[in-house]
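Q: Give me the fold of what follows.
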Amino acid sequence: MYGDDLAGRAPSPTSALEPWPDTVRWQPISRDLIWVELIRLGILLAVVLVVLAVAWAVTGHWLLGTALGVVLLLAAWRTVTIVRAVRAWGYAERENDLLVRHGLLVRRLSIVPYARMQFVDVTAGPLERAFDLATVQLHTAAAASDARVPGLRPAEASRLRDRLTALGEDRAEGL
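A: Below you'll find the predicted structure:
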C-alpha cells in the first residue's frame, strides 16, 4: 500500500485516493438507498418502455423493437451498477475534515475541511422519506467542493448535520 522509502523517511501513499480503504474508519450508508434508486430506475424505465412499445405497435418498425431490447439490456446493467454504487459510498469524520468517497469506475474522494463549510443541508424526497432516508449536503465557498452523503437515517443525518455545523463554527472562529 505504501511505497518503500530507502532514505528511512515515513512511507508515502502510493495513490491519490489514500486514505481510501485502510487508514480511516469509513461509515457506510444505508442499503435501503438501493431500493430508492431501483424504484427511480423502474419509473424511468416504465415510461421509456411504454413510449417505445406504443411507437413500435403503431409503426411496426423493426428499429423500435431493437431499441426496446437495448433499453432492457441497459436497465439490467444499470441495476447491477446501482447495487455496487450504493455499496461504494462511505464517509468518515476526522479531526479537521470530513471525507466522502464514492464511485465505481471513477472513484472520488472528497475532503471537506470543517472550517470551509458555509452551511449544511438535510433533504429527503418522497422516495427517501418512504424508506426513512435523508441526504446531508455540505456547501462550501467553492461550488466544486460541495459534497453529499446520501442514504442516511434521519437521526444520523441530524446528528451529522449538528456535528458538522458545530465543528464548522468552532474551526471558523480561528480564521
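
Q: just to confirm, which helix or strand has residue 24 in it?
A: Remark: residue 24 resides in no helix or strand, with elements defined by DSSP states H and E.

Q: for it, what are its contacts?
A: Taking Cβ atoms under 8 Å, 6 or more residues apart in numbering as the definition of contact, the neighbours of residue 24 are 92, 94, 99. Heads up, the C-betas are built off the backbone N, CA and C, glycines and all.

Q: Please name every helix or strand in contact with the host helix or strand of the first one.
A: Using DSSP H and E, residue 92 maps to strand 90-93. Secondary structure elements in contact with strand 90-93, counted by 3 or more Cβ pairs under 8 Å, 6 or more residues apart in numbering; DSSP states H and E, are strand 27-28, strand 97-102, helix 154-172.

Q: what lines up beside the shortest one in the sheet?
A: Think strand 27-28. Here strand 27-28 is paired, per DSSP bridges, with strand 90-93 (antiparallel).

Q: In the strand it pairs with, which residues are buried?
A: Residues of strand 90-93 classed as buried under the neighbour-count rule (16 or more other Cβ atoms under 10 Å) are 90, 91, 92.

Q: tell me the mean pLDDT for that strand?
A: Here strand 90-93 scores 92 as its mean pLDDT.

Q: Kindly report the same for stretch 134-154.
A: For stretch 134-154, the mean pLDDT works out to 86.

Q: End to end on it, go ahead and measure it.
A: 6 Å (Cα to Cα, to the nearest Å).

Q: contacts for that stretch?
A: Outside stretch 134-154, the residues that reach it (Cβ under 8 Å, 6+ apart) are 29-33, 36, 86, 89, 91, 98, 100, 110, 112, 116-124, 128, 132-133, 157, 160-161, 164.

Q: Buried only: go through the residues you listed for me.
A: Buried members of the contacts of stretch 134-154, scored by 16+ other Cβ under 10 Å, are 29-30, 32-33, 36, 86, 89, 91, 98, 100, 110, 112, 116-117, 120, 122, 124, 128, 133, 157, 160-161, 164.
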